[in-house]
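Q: following is a predicted model, sequence given first.
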Amino acid sequence: MARDSFVFYRSFFEAIKRMPIEVQTEVYPALIEYALDGKEPKGLSDIAQGVFILVKPNIDASIARKENGKKFGKLGGRPPKKGKTASSAKSKGEAPTPPSDYSLSLEQEIDQMKADRTWNEPVCMQFHLDADELAKRLDAFHNHCKCENDGKPHSNFNDAKRHFCSWMRKAYAPVEHDSDAELPPPSYEFNGGFGGQDI
């Protein structure tokens, strides 16, 4: 198979230029014909054959990488799926439709999040909350969703939980303290003895 280009490393050039000119005139055409046209060289001297044997695996690997790149797309990766996907809908500006079997309303989502103890506990630990504060924040999240998304439910329950955690990180972000603020002056008042009784 004829190719238009191949990878030739500087290390190849550095090694070959140290050889006698007669060997160089054998090696370069042999490497180029093999890389571009796939022709194995014949009748090379022992030194030129040795260089060819050393460089050949690198040429083969670069050709394989290039062929795989053509097979799986210009930048690599798997070929695109057939049919309409959520990502293709986003790129066209269409909103993906939630699955038809999901029927919870926004209020039911909030109620389920409040009742889901296996989810509540790690969320409380992550955000340093108690159960009452979590319930208040879920109510605030409910109001946020009603204002921002017109009260529309999420596409699934896990999406609702992820949205809540993401919203918590933004709405209740820790306040940065000014590191340049002055500290109060130290107090040198005597507050008692050194472990014994004051007399």
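A: Everything's here; your move.

Q: quick check: can you list the domain ranges of the protein?
A: 10-72, 106-171 (automatic domain parsing).

Q: Lys81 is nearest to which of the ones you listed?
A: domain 10-72 (13.1 Å; C-beta to C-beta). Every residue, glycine included, has its C-beta placed from N, CA and C.

Q: gap between that closest one and the chain center?
A: Offset of domain 10-72 from its chain centre (C-alpha atoms, centre = their mean, to the nearest Å): 37 Å.

Q: including mean pLDDT, could the domains of the chain go into TSV?
A: TSV is the format used below for these (pLDDT from 0 to 100):
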stretch	mean pLDDT
domain 10-72	86
domain 106-171	86
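
Q: can I get the ones you listed in CSV including distance to Glu189 and mean neighbour count?
A: Listed next are those as CSV, based on distance: least, C-beta to C-beta, whole Å; neighbours: other C-beta atoms under 10 Å:
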stretch, distance to Glu189, mean neighbour count
domain 10-72, 73, 14
domain 106-171, 34, 14
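
Q: would JSON lines of these with distance to Ser187 be doable?
A: JSON lines is the format used below for those (distance: least, C-beta to C-beta, whole Å):
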{"stretch": "domain 10-72", "distance to Ser187": "68"}
{"stretch": "domain 106-171", "distance to Ser187": "31"}
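
Q: quick one: which of these is nearest Glu182?
A: domain 106-171 (28.0 Å).

Q: what about the closest one, start to end distance?
A: Length of domain 106-171, first residue to last, C-alpha to C-alpha, to the nearest Å: 19 Å.

Q: cool, and stretch 12-32?
A: 12 Å.

Q: send me stretch 154-162 as PDB with only the CA atoms.
A: The C-alpha coordinates for stretch 154-162 follow below in PDB (Å, rounded to 0.1, in the frame of the first residue of the first chain):
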ATOM      1  CA  HIS A 154     -35.000  16.100  36.200                       C
ATOM      2  CA  SER A 155     -34.500  13.300  33.600                       C
ATOM      3  CA  ASN A 156     -34.000  10.800  36.400                       C
ATOM      4  CA  PHE A 157     -33.600  10.600  40.100                       C
ATOM      5  CA  ASN A 158     -29.800  10.300  40.100                       C
ATOM      6  CA  ASP A 159     -29.700  13.400  37.900                       C
ATOM      7  CA  ALA A 160     -31.700  15.300  40.500                       C
ATOM      8  CA  LYS A 161     -29.300  14.200  43.300                       C
ATOM      9  CA  ARG A 162     -26.200  15.200  41.200                       C
END
